[in-house]
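Visitor: Kindly return the folded structure for what I paste below:
(one chain, ligands or ions: 2)
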Amino acid sequence: MAGLKLHGVKKSFGEVPVIRGIDLDIVDGEFCVFVGPSGCGKSTLLRMIAGLEEMSEGLITIGDRDVTWLPPAKRGISMVFQSYALYPHMTVAQNIAFGLKMAKLPKAEIDARTAKAAKLLQLTELLSRRPAQLSGGQRQRVAIGRAIVREPDVFLFDEPLSNLDAALRVQMRIEISKLHNDLKATMVYVTHDQVEAMTMADKIVVLNAGLIEQVGSPLELYHRPNNLFVATFIGSPKMNLIEAHVEKVIDGTAHVRLPGGSTVQIPTRGKAVETGPVTLGVRPEHLLVGKAGAANSFNGKVLLSEHLGGETMLYVSAPDIEQCVIKADGLAPQRAGDDVTIELVPGTCHLFDTEGRAIINGSLI
Ligand SMILES: Nc1ncnc2c1ncn2[C@@H]1O[C@H](COP(=O)(O)OP(=O)(O)OP(=O)(O)O)[C@@H](O)[C@H]1O
Ligand SMILES: [Mg+2]
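Guide: Ligands and ions are numbered 1, 2, ... in the order given. Down below sits the predicted model:
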């Protein structure tokens, strides 16, 4: 087992820079997730770690080994792809053992490792089947088994669950997390599914256009986003953004005027807040349906209410606020057309400057 370090990693395809300078430290045993929009460079970065893509600049170390110029087979990594890439004419056991056979390990050793991986992945009953006789989830487990038997220092996963249906994704997500707990291996996992990122990661790396926007634990990114990109990328429904104005800052309180004219008083907690335009960010679960005339509130009209059972999404419009989403109680009585007062809790509000950088994050963590 070993950690993984990237130093000044860059990649251009021809003239086009795709990875524009990545420094990252993934510690031994960590589950690190790369997230970001399509085309931001997640797979390219992972393929460079694997040695499948040549870097334009930079250095990669695994443990204390500089692997920058090593071929994939010498890096101590195993990679699991979205397309399982199993050999159709081989059985499950042969697929799992293939890499070990190529490496000319003794048969007894190959059999022992295959049996151990099959047991871990609940494939023991299926070892003599061929891929065509397996479900999608079972095929992906075989692909993971093939990675496990090589006993790599680092596991790399590129969207391994994308081809599975919703229920199976949830199940496999839990299985991969359990596997990580059992193996205590360093894992780097690419996804654009932010629920996967939030639930599986020790550390999330948010990528955007070939650069890191922020690195942190799931809850750090959720509650303390550095900028609007991270604030709106993590969380579903998205954080509500309201164009507002800091009118004055007195005794550690910013008086923030909302478009409709009402004011929210937000503690600055030692941050330098200047008067002028800001974007106020607040997550759907932190907006409350309040009483008319409540402090730190604005009035709006319900456009749509979605009853999901355990919770209700209320889509509300207000003067000069196109739409905001409120995550309310499952039995919330509000219906489309109702007038509502929406209350903000100052300690849950984020303020971003005109460049999109966070000035204040909520005080929840
Ligand atoms: N071999 C290549 N030649 C030229 N451009 C490439 C090549 N491979 C990738 N790219 C470009 O590099 C950028 C990053 O691609 P990459 O596959 O890393 O994105 P990604 O973040 O994995 O996206 P997705 O979520 O869609 O898988 C994209 O703009 C892509 O078009
Ligand atoms: Mg990709």
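Visitor: any weak-confidence spans in the chain?
Guide: Scanning the chain for pLDDT under 70 picks out no residues.
Visitor: near ligand 1, which residues of it show up?
Guide: With Cβ under 6 Å from any ligand atom as the criterion, the chain comes near ligand 1 at residues 13, 18, 36, 38-44, 192. Every residue, glycine included, has its C-beta placed from N, CA and C.
Visitor: Contacts only, for the residue of the stretch 101-250 of the chain at minimum distance from ligand 1.
Guide: Nearest residue of the stretch 101-250 of the chain to ligand 1, counting by Cβ to the nearest ligand atom: H192, 4.9 Å away. The contact partners of H192, taken as Cβ atoms under 8 Å, 6 or more residues apart in numbering, are 35-38, 42, 159.
Visitor: Narrow the residues you listed to those in helices?
Guide: Those of the contacts of H192 mapping onto helices are K42, per DSSP state H.
Visitor: Rebuild the contacts of H192 as JSON lines, extending it with neighbour count.
Guide: Shown next, in JSON lines, are the contacts of H192 (neighbours: other Cβ atoms under 10 Å):
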{"residue": "V35", "neighbour count": "26"}
{"residue": "G36", "neighbour count": "25"}
{"residue": "P37", "neighbour count": "13"}
{"residue": "S38", "neighbour count": "7"}
{"residue": "K42", "neighbour count": "23"}
{"residue": "E159", "neighbour count": "19"}
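Visitor: And the furthest pair within the contacts of H192?
Guide: Across the contacts of H192, the longest distance by Cβ to Cβ is 13.3 Å; it joins P37 and E159.
Visitor: ok, and the closest non-adjacent residue to whichever residue of the stretch 251-365 of the chain sits closest to ligand 1?
Guide: Nearest residue of the stretch 251-365 of the chain to ligand 1, counting by Cβ to the nearest ligand atom: G356, 20.9 Å away. Of all residues beyond its chain neighbours, the one nearest G356 is L228 (3.9 Å), with distances taken as Cβ to Cβ, 6 or more residues apart in numbering.
Visitor: what sits against the closest residue to E159 other than its chain neighbours?
Guide: Here the nearest residue to E159 in space, its sequence neighbours aside, is Q82; by Cβ to Cβ, 6+ apart that works out to 4.4 Å. The contact partners of Q82, by Cβ under 8 Å, 6+ apart, come to 158-160, 162-163.
Visitor: Ok, R224 next?
Guide: 216, 358, 361, 365.
Visitor: need these in a markdown table with distance to F31, can you?
Guide: Output for these, formatted as a markdown table (distance: Cβ to Cβ, whole Å):
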| residue | distance to F31 |
| --- | --- |
| G216 | 14 |
| A358 | 26 |
| N361 | 24 |
| I365 | 20 |
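Visitor: closest to P106 among these?
Guide: Taking Cβ to Cβ as the measure, P106 lies nearest G216 of the contacts of R224, at 44.6 Å.
Visitor: Quickly list what that closest one is bridged to.
Guide: Here G216 sits in beta bridges with I204, going by DSSP bridges.
Visitor: Burial check on V67, number of neighbours?
Guide: 22 (other Cβ atoms under 10 Å).
Visitor: ok, it touching R75?
Guide: Yes: at 4.7 Å, V67 counts as touching R75 under the criterion of Cβ atoms under 8 Å.
Visitor: sec struct for A132, please.
Guide: Secondary structure, DSSP: H, G, I helix; E, B strand; the rest coil: A132 is helix.
Visitor: quick one, what contacts the closest residue to it other than its chain neighbours?
Guide: Of all residues not flanking A132 in the chain, P88 sits nearest, at 6.3 Å (Cβ to Cβ, 6+ apart). Counting by Cβ under 8 Å, 6+ apart, P88 touches 130-132.
Visitor: surely P237 meets Y315?
Guide: No: in this structure P237 lies outside contact range of Y315 using Cβ under 8 Å: 9.2 Å.
Visitor: Report the set of residues contacting both of these two.
Guide: Jointly contacting P237 and Y315 under the rule Cβ under 8 Å, 6+ apart are V325.
Visitor: Between the two, tell me which one has more neighbours.
Guide: Y315 (18 against 15).
Visitor: Can you tell me the SS state at the more buried one?
Guide: Classified using three-state DSSP, Y315 is strand.
Visitor: need the contact list for it.
Guide: If a contact means Cβ under 8 Å, 6+ apart, then Y315 has 302-306, 323-325 as its contacts.
Visitor: try 10 Å
Guide: Going by Cβ atoms under 10 Å, 6 or more residues apart in numbering, Y315 touches 237, 284, 300-306, 323-326, 336.
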